[in-house]
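A.B. asks: I'll drop the sequence and a predicted model, then ask my questions.
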Amino acid sequence: MRADRHHPERTKGVIVTPRTVLITGGNRGIGYAIAEEFVAQGHRVAVTSRSGSGGPEGALTVAADVTDAASLDAAFTQVEQELGPVEVVVANAGITKDTLLLRMTEDDFTDVIDTNLTGAFRTVKRASKGMLKQRFGRVILISSVVGLYGSPGQINYSSSKSALVGFARSLSRELGGRGITANVVAPGFIETEMTAVLPEEQQQDYRKSIPVARFGQAEEVAKAVVWLASDDAAYITGAVIPVDGGLGMGH
């Protein structure tokens, strides 16, 4: 049975208003952890993956490719039919194609931009239609410390992630009066499959640059995202929330 969309419930001692949440790229890594945390807090959760499988228990997994507007539209339609209008959207899907500028092809650059930035545009544009009707919405864009801090070999990736800040702030000015907020979460080095395969010496070098001297956990990013989607964060919009152990120091 679907919970009343507007009836607050008490979860782990905290009063939560259940929302319908859609997370792109929620089948692994940070996206998966975000989905798990929303499920744990009592929300109705859907995730997209290109294969249509792989999401966490308790979440609806739908097939979608953020580079294909038609597949995104179909995914949203399925979620709306099964869980209700999307009230919270987390644009998380992203790729990397790292190489130095002089070796980077135009396809290396445009493919990353199309997934990480234009994919967020497609996702948020489709989500905003329902949010405007409801006069309520939470848009959360997953950026990176690299977006404002910079990193050699990641001109394409850092450009796509930096642009999400301007996206969120422009969206805040457009739709803030309609009960819709837009914020950015910028993770730093997070323990994932990608960091796990790095040589130990390289991992130690990275840790030395982080004031708290450790990598973050995906769950720590997830908790920041879920808080931004909550009623407690209703007066926060256009913000960049770093979850990076102090690496970016507010950049």
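C.D. replies: That came in fine, so what should we check first? Residues are numbered from 1 along each chain as shown.
A.B. asks: can you report how many residues lie near residue 138?
C.D. replies: The number of residues packed near residue 138 is 26, by other C-beta atoms under 10 Å. Quick note: C-beta positions are derived from backbone N, CA and C, even for glycine.
A.B. asks: so what sits opposite it in the bridge?
C.D. replies: On the basis of DSSP bridges, residue 138 is bridged to residue 88, residue 181.
A.B. asks: can you give me the helices in this protein?
C.D. replies: With DSSP state H as the criterion, the chain has helices at 29-40, 69-83, 106-113, 119-134, 146-149, 155-175, 193-196, 200-208, 218-228.
A.B. asks: now, of the ones you listed, which is deepest in the fold?
C.D. replies: For these, the largest average neighbour count (mean count of other C-beta atoms under 10 Å) is found in helix 29-40, namely a mean of 24.
A.B. asks: I'd like the helices of the chain laid out as CSV, including mean pLDDT and distance to residue 46.
C.D. replies: Listed next are those as CSV, based on pLDDT from 0 to 100; distance: least, C-beta to C-beta, whole Å:
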stretch, mean pLDDT, distance to residue 46
helix 29-40, 97, 8
helix 69-83, 98, 4
helix 106-113, 98, 25
helix 119-134, 98, 12
helix 146-149, 92, 26
helix 155-175, 98, 21
helix 193-196, 73, 23
helix 200-208, 86, 34
helix 218-228, 98, 15
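A.B. asks: residue 96: which of those is closest?
C.D. replies: Comparing these by their distance to residue 96 (C-beta to C-beta), the top pick is helix 155-175, with 5.1 Å.
A.B. asks: for the closest one, name the packing helices and strands.
C.D. replies: helix 106-113, helix 119-134, strand 137-142, helix 146-149, strand 180-187 (3 or more C-beta pairs under 8 Å, 6 or more residues apart in numbering; DSSP states H and E).
A.B. asks: out of the ones you listed, flag the one nearest residue 64.
C.D. replies: Closest to residue 64 of the helices and strands packed on helix 155-175, according to C-beta to C-beta: helix 119-134, at 8.7 Å.
A.B. asks: using CSV, list the CA coordinates for that closest one.
C.D. replies: Provided in CSV are the C-alpha atoms of helix 119-134 (Å, rounded to 0.1, in the frame of the first residue of the first chain):
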residue,chain,number,x,y,z
GLY,A,119,21.9,14.7,-18.7
ALA,A,120,21.1,16.7,-15.6
PHE,A,121,19.3,19.3,-17.7
ARG,A,122,17.1,16.6,-19.3
THR,A,123,16.3,15.1,-15.9
VAL,A,124,15.5,18.3,-14.1
LYS,A,125,13.4,19.7,-17.0
ARG,A,126,11.2,16.6,-17.0
ALA,A,127,10.9,16.6,-13.2
SER,A,128,10.1,20.3,-13.0
LYS,A,129,6.8,19.8,-14.9
GLY,A,130,5.3,17.8,-12.1
MET,A,131,6.9,20.0,-9.4
LEU,A,132,5.3,23.1,-10.9
LYS,A,133,1.9,21.5,-10.8
GLN,A,134,2.4,20.5,-7.1
